[in-house]
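Chemist: Sharing a model prediction with you, sequence too.
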Amino acid sequence: MTVQLNNVTKKYGQEFALKNVSFTFTKGKIYGLLGPNGSGKSTTLKLITGLIYPTKGTVKVKEEKVTRKVCQNVAYLTELDHFYHSFTIKQIIDFYHSQFSDFRLEKAKQLLQDMQLDERKKIRKLSKGNRGRLKLVLTLARNAPVILLDEPFSGLDALVRDSIVKSLLTYINFEEQIVIIATHEIDEIEPLLDEVIAVYQGHYIDHQNVEKLREEQGISILQWFKSTIKNWESENLETNH
Amino acid sequence: MARDFETSKPIYLQIADFIFQQIIREELKPGEKLPSVREMAVEMGVNPNTIQRTYSEMERMGVVETRRGQGTFVVENSEIVTELKHTFQQEVISSFVNKMRDLGFSNEEMVASLKIFLERGEDK
């Protein structure tokens, strides 16, 4: 089971969001898509969910070209706040359950308990941290082969981050699922990741195995990321002259 | 989660060191079962693939063994504990000695200062 990008280019008007990107994600791994805001991380995730389509190239999930139907196989945590605020937690859980055949109520209940969320509460009354937790509950309660998390830690305090990391580790099926986390907060997730991809100005400029980085070069993801971007910038300046 | 890991050393080896220390302190006894890969991953806040590698490495070193369908256990061999103790002790000593040499102290000065340090109870 793979997620494949083949020579994918995505343009919004005249602006390139992704430029000729090819990459294959394989199951059993947690990938980090790392890059500053606007580098092409979210665009990648939206292409995999079928929310947008490539301008050129193809995106495939489980060997099939992505259409809107791909959402049966892809659980997607968006960075946006997309809840109906008048719903209670229970109502939104029931709604997800009615929409996704792989949504597991028992798993959702367990996750709510772990995250200390009260299902009788209205979304409107939840703090930002608890809304972040709820998003993760809804994403992880699905047994989808592909899990995409767009900035799952954004704006959340250390305590919330910890509970999110714990739930991720507890509920992901590591043999069967592909997990892709897009974030610009690199430090937080370093020990979680198997593979890292540096995304910059619409390019996948480098890809590394995290433990190999430490073993062979003795550097952290953040150090690698900074030097990769620096090298890329100097090379691309030279070719422009 | 989130014990802090050094960047200069693979995480799977740092976790192995941590478990070795538990064995040396006898918090984990010969024959005792280690947490499952998943439990350990959650406890450490790291990817289970990392823990899998930790366990494989420790097995390769002969400190733990995997029993099919049952999990990973510390081997029932007290020599291993003695060996681990020795290895870790040597590591700490050699790092101390090297640092003292870098500072220009002679062997005699090292021993003397260590003695005084311990007598004063400054380690408390």
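Modeler: On my side now, so go ahead.

Chemist: Any idea how far the lengthiest helix in chain A is from the middle of the chain?
Modeler: Secondary structure of chain A per DSSP state H: the longest helix is helix A:221-240. With CA atoms, centre = their mean, to the nearest Å as the basis, helix A:221-240 stands 24 Å off its chain's centre.

Chemist: Output it in CSV with nothing but the alpha carbons.
Modeler: Presented in CSV, the C-alpha positions along helix A:221-240 are these (Å, rounded to 0.1, in the frame of the first residue of the first chain):
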residue,chain,number,x,y,z
ILE,A,221,16.3,17.1,12.2
LEU,A,222,16.3,20.8,12.8
GLN,A,223,20.1,21.1,12.1
TRP,A,224,19.6,19.0,8.9
PHE,A,225,16.7,21.1,7.9
LYS,A,226,18.5,24.4,8.3
SER,A,227,21.6,23.3,6.4
THR,A,228,19.5,21.7,3.6
ILE,A,229,17.7,24.9,3.0
LYS,A,230,20.8,26.9,3.1
ASN,A,231,22.5,24.7,0.6
TRP,A,232,19.5,24.7,-1.7
GLU,A,233,19.3,28.5,-1.6
SER,A,234,23.0,28.9,-2.5
GLU,A,235,22.8,26.4,-5.3
ASN,A,236,19.8,27.9,-6.8
LEU,A,237,21.2,31.4,-6.6
GLU,A,238,24.3,30.2,-8.5
THR,A,239,22.3,28.7,-11.3
ASN,A,240,20.4,31.9,-11.7
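
Chemist: packing partners for it?
Modeler: strand A:30-34, helix A:186-189, strand A:195-200, strand A:203-209 (3 or more CB pairs under 8 Å, 6 or more residues apart in numbering or on different chains; DSSP states H and E). The way it works is simple: take the backbone N, C-alpha and C, and place the C-beta from them, glycine included.

Chemist: how many neighbours does residue 90 have?
Modeler: Using chain A here. Look at residue A:90: counted by other CB atoms under 10 Å in any protein chain shown, it has 15 neighbours.

Chemist: that's the wrong chain, I wanted chain B
Modeler: Using other CB under 10 Å, residue B:90 has 10 other residues around it.

Chemist: Check the gap between it and chain A for me.
Modeler: Relative to chain A, residue B:90 is positioned 22 Å away (CB to the nearest CB, to the nearest Å).

Chemist: in the lowest-mean-pLDDT helix or strand in chain A, what's buried?
Modeler: Sorting the helices and strands of chain A by mean pLDDT, DSSP states H and E puts helix A:186-189 at the bottom, at a mean of 81. Using 16 or more other CB atoms under 10 Å in any protein chain shown as the test for burial, helix A:186-189 gives A:186, A:188, A:189.

Chemist: now, which of those sits nearest residue A:73?
Modeler: Closest approach to residue A:73 among the buried residues of helix A:186-189 (CB to CB): residue A:189, at 23.5 Å.

Chemist: ok, now which ones touch residue B:21?
Modeler: Shown in contact with residue B:21 (CB atoms under 8 Å, 6 or more residues apart in numbering or on different chains): residue B:88.

Chemist: Regarding it, which helix or strand does it belong to?
Modeler: helix B:11-24 (DSSP states H and E).

Chemist: do residue A:18 as well
Modeler: Per DSSP H and E: strand A:15-26 holds residue A:18.

Chemist: That strand versus strand A:203-209: what angle between them?
Modeler: Using axes from the mean of the first three to the mean of the last three CA atoms, to 10 degrees, one finds that strand A:15-26 and strand A:203-209 are set 20 degrees apart in direction.

Chemist: Just give the closest residue to residue B:77, not the sequence neighbours.
Modeler: Nearest in space to residue B:77, with sequence neighbours left out and distances taken as CB to CB, 6 or more residues apart in numbering or on different chains, is residue B:30 at 6.4 Å.
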